[in-house]
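Undergrad: Below is the sequence, then the predicted model.
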Amino acid sequence: MPTDGDTIALPAHVAGSGTLDRLVDTARDYAKASTAENTNKAYATDWKHFARWCRLKGTEPIPPSPEMIGLYLTDLAAPTSGAPALSVSTIDRRLSGLAWNYGQRGFTLDRKDRHIATVLAGIKRKHARPPVQKEAILPEDILAMVATLPFDLRGLRDRAILLIGYAGGLRRSEIVSLDFGKDDTPDSGGWIEILDDGAVLTLNAKTGWREVEIGRGSSDQTCPVHALEQWLHFGKIDFGPVFVGTSRDGKRATETRLNDKHVARLIKRTVLDADIRSELPEKDRLALFSGHSLRAGLASSAEVDERYVQKQLGHVSAEMTRRYQRRRDRFRVNLTKAAGL
């Protein structure tokens, strides 16, 4: 069975050489970079789970069998092992992961095959639910959250993460992938440029390269650009990753880029510390907020034309942007009256 490292290799009839071997390694790197790091991790986990399931059923995952994949999807939706059932969106993602993995191994998985398509359609019809949206972090919330942070080095860093993430409507992976300068590190997902009127972030995001402009705030206490400048100055960041760890004593910045999970943990911790939605039990409050709460907060709070919010979030369609707007005026444009009724 091919392994991940064997997905790109020289044809059997071609003699290897140092140059060709290096090209193979480079091609593997490009193939890996074709999807986001988190997606790669998820797809790898999907394949391991499916391969183990196949072996437990006395079969092999290769070559692809639409019949077995249909049964696998059924077992995810209605497990026979006592495991919890997966959501429809997760099952759909698992199927995408399998299709990608088969493609990397030189096989084609036809998602329209009746053994797969009819089972998936039945699962969606019976189990599909509206997506659970995370709570938006509103302006008063983000101010309360940053107010809980100290003014030591870690506090300066985390304050910049929250404010830049909020004002930029950034995904947590986009926040931690930023570098100080263009092409600083191989794992960079973009870079920042600080100007007189604000900061420009150039991001290599899910929908391709885009620029995000973050203007200066009304005061230093709430300004994301000022918070970023403070962290860069006191953290002595002039090269490589912007958001990095700190030494054990908290007195100096390290060179290690933060994981995007740090952003999620930071949001949850400061939500609790700021007593946001304090009427709810702690468990429920933690479940309400995630990294997407920053993006939803900007989309819900920015009192500007919708197209500017769409551009900032990097959405292809206005409909996607509206999914992030938790408190938009749904009937601001009344087509019923406009039609003369």
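TA: Received it, and whenever you're ready, just let me know what you need. Please read these numbers as outputs of a predicted model, since none were measured by experiment. Numbering: from 1, shown residues only.
Undergrad: Which residue ranges of the stretch 51-200 of the chain form helices?
TA: 66-77, 88-104, 114-127, 139-147, 153-168, 172-176 (DSSP state H, counting those that start in this stretch).
Undergrad: Tell me the buried residues in the second one?
TA: Put plainly, it is helix 88-104. 88, 91-102, 104 (16 or more other CB atoms under 10 Å). No exception for glycine: its C-beta is placed from N, CA and C like everyone else's.
Undergrad: Do me a favour and average the pLDDT over it.
TA: Averaging pLDDT along helix 88-104 yields 91.
Undergrad: can you tell me which residues contact residue 203?
TA: 170, 174, 177, 178, 189, 190, 209, 210, 211, 212, 314 (CB atoms under 8 Å, 6 or more residues apart in numbering).
Undergrad: And residue 24, its phi and psi?
TA: Backbone torsions for residue 24, taken as degrees, to the nearest 10, come to phi -60, psi -50.
Undergrad: my guess is residue 201 contacts residue 224, does it?
TA: No - at 10.7 Å, residue 201 and residue 224 do not qualify as touching, with contact defined as CB atoms under 8 Å.
Undergrad: Ends of stretch 181-198, what's the gap?
TA: 16 Å (CA to CA, to the nearest Å).
Undergrad: Now it: buried residues?
TA: Residues of stretch 181-198 classed as buried: 184, 185, 188, 189, 190, 191, 192, 198 (neighbour count, 16+ other CB under 10 Å).
Undergrad: Excluding chain neighbours, give the residue nearest to the last one in space.
TA: Looking back up the chat, that one is residue 198. residue 215 (4.1 Å; CB to CB, 6 or more residues apart in numbering).
Undergrad: Could you report the distance from the one you found to residue 223?
TA: 9 Å (CB to CB, to the nearest Å).
Undergrad: hmm, back to that, more neighbours: which of residue 201 and residue 224?
TA: residue 224 (25 against 22; other CB atoms under 10 Å).
Undergrad: The residue lying closest to that one once chain neighbours are set aside: what's it in contact with?
TA: The shortest distance from residue 224 to any non-neighbouring residue, by CB to CB, 6+ apart, is to residue 163 (3.6 Å). Applying CB under 8 Å, 6+ apart, we find residue 163 in contact with 142, 146, 222, 223, 224, 227, 228.
Undergrad: got JSON lines for the residues you listed, with distance to residue 279 too?
TA: Putting the contacts of residue 163 into JSON lines (distance: CB to CB, whole Å) gives the following:
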{"residue": "142", "distance to residue 279": "19"}
{"residue": "146", "distance to residue 279": "22"}
{"residue": "222", "distance to residue 279": "26"}
{"residue": "223", "distance to residue 279": "31"}
{"residue": "224", "distance to residue 279": "29"}
{"residue": "227", "distance to residue 279": "30"}
{"residue": "228", "distance to residue 279": "34"}
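Undergrad: Tell me how far residue 217 lies from residue 339.
TA: From residue 217 over to residue 339 (counting by CB to CB), the distance is 42 Å.
Undergrad: More neighbours: those two, which one.
TA: Taking neighbours as other CB under 10 Å, residue 217 and residue 339 compare with residue 217 leading, 16 against 7.
Undergrad: surely that one meets residue 229?
TA: No - assessed by CB under 8 Å, residue 217 is found out of contact with residue 229, at 12.0 Å.
Undergrad: Show me where this protein dips below the pLDDT cut-off.
TA: Within the chain, the ranges that satisfy pLDDT under 70 run 1-18, 28, 31-36, 130-132, 206-207, 301-311, 313-337, 340-341.
Undergrad: what do you get if the cut-off is 50, keeping everything else the same?
TA: 1-5 (pLDDT under 50).
Undergrad: care to break it down by domain?
TA: Listed domain ranges for the chain are 35-127, 139-324 (source: automatic domain parsing).
Undergrad: Need these in CSV (columns: distance to residue 133).
TA: Rendered in CSV, the data for the domains of the chain read as follows (distance: least, CB to CB, whole Å):
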stretch, distance to residue 133
domain 35-127, 12
domain 139-324, 7
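Undergrad: Tell me which of those is the most buried.
TA: Comparing the domains of the chain by mean neighbour count (mean count of other CB atoms under 10 Å), domain 139-324 comes out on top with a mean of 18.
Undergrad: Run the chain-centre distance for that one.
TA: Relative to the centre of its chain, domain 139-324 is centred 13 Å away, using CA atoms, centre = their mean, to the nearest Å.
Undergrad: can you offset everything so residue one is 31?
TA: Understood, numbering begins at 31; the last thing we discussed is domain 169-354.
Undergrad: Name the residues that touch stretch 67-85?
TA: With CB under 8 Å, 6+ apart as the criterion, stretch 67-85 contacts 34, 62, 65, 90-91, 98, 102, 105, 123-124, 126-128, 130-131, 203, 290.
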